[in-house]
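Enquirer: here is the input, now give the coordinates:
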Amino acid sequence: MNYGRILAAIAVMALVTYLPRMLPMVLFRRRITQPFLKSFLYYVPYAVLAAMTFPEVLYSTASLLSALVGLAVALLLAYRGRGLLTVSLSACGTVFLCERLLALVIS
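Expert: So this is what the prediction gives:
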């Protein structure tokens, strides 16, 4: 095993994860007062989280149909103001039931 390559990979990963956290503090010394920039920075974490999880929502089940039905239930409940636990359990239950129904129909 080449320990030099492993240490180099760990150093690169540490640098890549540290730089995005350190650079904003170094570059923006003053308080941000522009409303557009403040609102943009406010929504960045939500957009990144959605971009990372949304594809997995669609492809984590056996069929795209059950994923879409579960997504629709989750969106409807979230729009109606339900809590996170209610939304996620309802979406998981809906996907489970939809998968079982599809298994019955196919076999």
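
Enquirer: helices of the protein, start to end?
Expert: 3-27, 35-59, 64-79, 84-106 (DSSP state H).

Enquirer: reformat these as JSON lines; add mean pLDDT and mean neighbour count.
Expert: Bear in mind the C-beta positions are built from the backbone N, C-alpha and C, glycine included. Listed next are the helices of the chain as JSON lines, based on pLDDT from 0 to 100; neighbours: other Cβ atoms under 10 Å:
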{"stretch": "helix 3-27", "mean pLDDT": "89", "mean neighbour count": "9"}
{"stretch": "helix 35-59", "mean pLDDT": "88", "mean neighbour count": "10"}
{"stretch": "helix 64-79", "mean pLDDT": "95", "mean neighbour count": "16"}
{"stretch": "helix 84-106", "mean pLDDT": "94", "mean neighbour count": "14"}
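
Enquirer: need the contact partners of stretch 66-76.
Expert: The contact list for stretch 66-76 (Cβ atoms under 8 Å, 6 or more residues apart in numbering) reads 57-61, 87-88, 90-92, 94-95, 98-99, 102.

Enquirer: pick the one among those residues closest to Leu19.
Expert: Val57 (29.4 Å; Cβ to Cβ).

Enquirer: please give me every residue in contact with that closest one.
Expert: 67, 70-71.

Enquirer: same question, Ala62
Expert: Ala62 neighbours (Cβ under 8 Å, 6+ apart): 99, 102.

Enquirer: Tyr43 versus that one, what's the distance?
Expert: 33 Å (Cβ to Cβ, to the nearest Å).

Enquirer: and Val16, by the same measure?
Expert: For Val16, the distance to Tyr43 - Cβ to Cβ - is 23 Å.

Enquirer: for Ala78, same thing?
Expert: From Ala78 to Tyr43 the distance is 17 Å (Cβ to Cβ).
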